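Colleague: Sequence and predicted structure are below.
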Amino acid sequence: MNDFLLIKPTGEYAYEIADYRSEFLKAGDSMDGCGSLRFIHDPMDFIKKCIDYESPETLPAGRVIATQFMFVRRSDNRVVGMIQVRHYFNDYLEKYAGHIGYSIRPGERGRGYAKQMLASVLPFCREIGIERLLITCNEDNVKSEKTIIANGGVYESTVYEPNEKINLKRFWIALTQEEK
């Protein structure tokens, strides 16, 4: 864990952000927890969008305050994963997506990084006042389910998301001592 940093996107990592995006697009994989990165070609535009989501004054209509983090390996400054924390819910997030979205770059999977990344963001979630954290995963994503459970996730239910036509498992992680 000491070999990793959980940091907000900055221009210093523009090349790594572009490379992260490119790897997902080449793999035809979803970029969960990356905000709008899938649709933004210029990493600097992505960084600006992340900053916009942190303030009510610049937040796009219909969206919620969110903080974007990168999980960066210190030894080579490689962006291994991304995780987004949504500070509160809108209707969609409450039903389907939850407080957290995350992904690990395809070439770095299977090494326990998602588990470490999720664990490292939980103190931030406490700091911003989240007492019970909702996190979801595709019904068939066994690795993500194990990551969530390893971080204290308790299964609640499975819901059908009609836009993507998928079943999502809902888990809650208690962040206060009273609920643990």
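Modeller: Perfect, I can see it now.

Colleague: now the helices: where do they sit in this structure?
Modeller: 14-27, 43-52, 91-92, 113-127, 142-150 (DSSP state H).

Colleague: Comparing the ones you listed by mean pLDDT, which bottoms out?
Modeller: Within the helices of the chain, the least confident segment by mean pLDDT turns out to be helix 91-92, at a mean of 93.

Colleague: Please compute how far that helix lies from its chain's middle.
Modeller: Distance of helix 91-92 from its chain centroid, counting by Cα atoms, centre = their mean, to the nearest Å, is 17 Å.

Colleague: Can you name every helix or strand that the lowest-mean-pLDDT helix or strand in the chain contacts?
Modeller: Of all helical and strand segments in the chain, the minimum by mean pLDDT, DSSP states H and E falls on helix 91-92, at a mean of 93. Using 3 or more Cβ pairs under 8 Å, 6 or more residues apart in numbering; DSSP states H and E as the contact definition, helix 91-92 packs against no other helix or strand. Where you see a C-beta, it was placed from the backbone N, CA and C, and this is true even at glycine.

Colleague: Could you work out which of the helices of the chain reaches nearest to Val85?
Modeller: For the helices of the chain, distance to Val85 was read as Cβ to Cβ. The smallest value, 6.0 Å, belongs to helix 113-127.

Colleague: Contacts for the closest one next, please.
Modeller: Applying Cβ atoms under 8 Å, 6 or more residues apart in numbering, the external contacts of helix 113-127 come out as 1, 4, 6, 67, 69, 71, 80-81, 83, 85, 99-100, 102, 104, 133, 135, 143-144, 146-148, 150-151, 173, 175-176.

Colleague: Sitting in strands, which of those do you find?
Modeller: Judged by DSSP state E, the subset of the contacts of helix 113-127 located in strands is 4, 6, 67, 69, 71, 80-81, 83, 85, 100, 102, 104, 133, 135, 173.
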